[in-house]
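Enquirer: Sequence and computational prediction follow.
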Amino acid sequence: MAPLVPLPQDLIPFLDRYLPRKDNDDFFVTLTYAQSLDSRISKGKGIQTIISHPETKTMTHYIRSHHDAILVGINTVLADDPGLNCRYCDHDIRPIIIDPSFKLRTIFQRSKLHENCVNGVGLAPLVVIDRHSLVEGHGIDTLVLDVDPKTGKFSWLDIFKALREKGIRSVMVEGGATVINSLLRRGEDGLFVVNSLIVTVAPIYLGSGGVEVSPREGLAVEDVSWWRGKRDVVCCGRLTSEAGRLAADEQGGEVSC
Ligand SMILES: NC(=O)C1=CN([C@@H]2O[C@H](COP(=O)(O)OP(=O)(O)OC[C@H]3O[C@@H](n4cnc5c(N)ncnc54)[C@H](OP(=O)(O)O)[C@@H]3O)[C@@H](O)[C@H]2O)C=CC1
Ligand SMILES: Nc1nc(O)c(N)c(N[C@@H]2O[C@H](COP(=O)(O)O)[C@@H](O)[C@H]2O)n1
């Protein structure tokens, strides 16, 4: 586990307006990940890859300290064995794992998620499973939803509504690519469910075999700010308005930051 380093102090005001407010009682979704120059978030399927510089890695723990929950897809847990706790300060953050077939059940006892709970340095994960995967006697908190029978996927609105009913008001989504690419798409109502986007870009290429972030359609990020660190840059923005869609269309679907 990489040690955290002092957080560059200018990052705090830079991130501030892209993070949920402390008195937020609506629902807030932050999408955040670290990518290479060729838009890869790992070297290959199932391979954990360090992309962030220690100062931007520390930043992700600072961002975690502003959210009630941290959400990843099951393949990220299988590849990375992540802690998904908050090491920036004493903040409890609830890991949410999207895992329709409940694969976590088979590896949970030897995972860092389990170790963190036992050692009192992380909350127990909540695993979003499909009704057909429901089994007894595993001792893991589950949230049972129905996948769309055609796609085998949960609707993000169903997931976030159910989390809201459990008292969760803010979710930081970290990945992996399947999760990120689907959240970079509009829902059936034409709106994005993501409020803020915080992307670290490291000056490396991971190559064409890498796991790629690239949504099905182009879109324009709005209200963009950039921060430059010792090595990485961080791009913050929003995906909310119709204007973004139009801008992307005018540019032939290219993303403009
Ligand atoms: N650099 C970075 O910031 C990060 C990098 N990563 C990397 O990303 C890679 C993993 O990415 P990827 O393979 O795309 O996997 P994901 O972590 O995105 O997990 C994908 C799986 O999660 C389940 N899932 C996701 N969304 C839904 C949904 N809406 N409904 C139902 N099930 C859903 C599906 O499980 P099922 O197949 O069982 O149906 C799906 O196959 C790893 O290599 C990891 O290291 C991960 C996070 C951050
Ligand atoms: N910000 C960031 N930079 C990288 O280089 C990464 N590989 C990741 N991965 C994400 O962080 C999780 C692991 O973190 P902890 O063990 O919880 O500290 C991993 O699962 C990815 O979600 N992120």
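Expert: Great, that's in hand. Ligands and ions are numbered 1, 2, ... in the order given.
Enquirer: and stretch 60-69 with ligand 2, contact?
Expert: Yes - judged by C-beta under 6 Å from any ligand atom, stretch 60-69 and ligand 2 are in contact via T60. C-beta here means a position set from N, CA and C on the backbone, and glycine is covered the same way.
Enquirer: Dump that stretch to PDB, restricted to CA.
Expert: Backbone C-alpha positions of stretch 60-69 (Å, rounded to 0.1, in the frame of the first residue of the first chain) are rendered in PDB as follows:
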ATOM      1  CA  THR A  60      -8.000  10.500  -4.200                       C
ATOM      2  CA  HIS A  61      -8.000   9.700  -0.500                       C
ATOM      3  CA  TYR A  62      -8.800  13.400   0.200                       C
ATOM      4  CA  ILE A  63     -11.700  13.100  -2.300                       C
ATOM      5  CA  ARG A  64     -12.900   9.900  -0.500                       C
ATOM      6  CA  SER A  65     -13.000  11.900   2.700                       C
ATOM      7  CA  HIS A  66     -15.800  14.000   1.200                       C
ATOM      8  CA  HIS A  67     -18.100  11.100   0.300                       C
ATOM      9  CA  ASP A  68     -20.400   8.700   2.100                       C
ATOM     10  CA  ALA A  69     -19.600   5.800  -0.200                       C
END
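Enquirer: ok, the helix or strand T142 falls within near ligand 1 or not?
Expert: Of the helices and strands defined by DSSP states H and E, T142 is found in strand 141-145. No - for strand 141-145, no contact with ligand 1 is found by C-beta under 6 Å from any ligand atom; the gap never falls below 8.6 Å.
Enquirer: residues of that strand that come out buried?
Expert: When burial is assessed from 16 or more other C-beta atoms under 10 Å, strand 141-145 yields the following buried residues: 142-143, 145.
Enquirer: Take those and lay them out in CSV including distance to H66.
Expert: Formatted as CSV, the entries for the buried residues of strand 141-145 read as follows, by distance: C-beta to C-beta, whole Å:
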residue, distance to H66
T142, 26
L143, 22
L145, 26
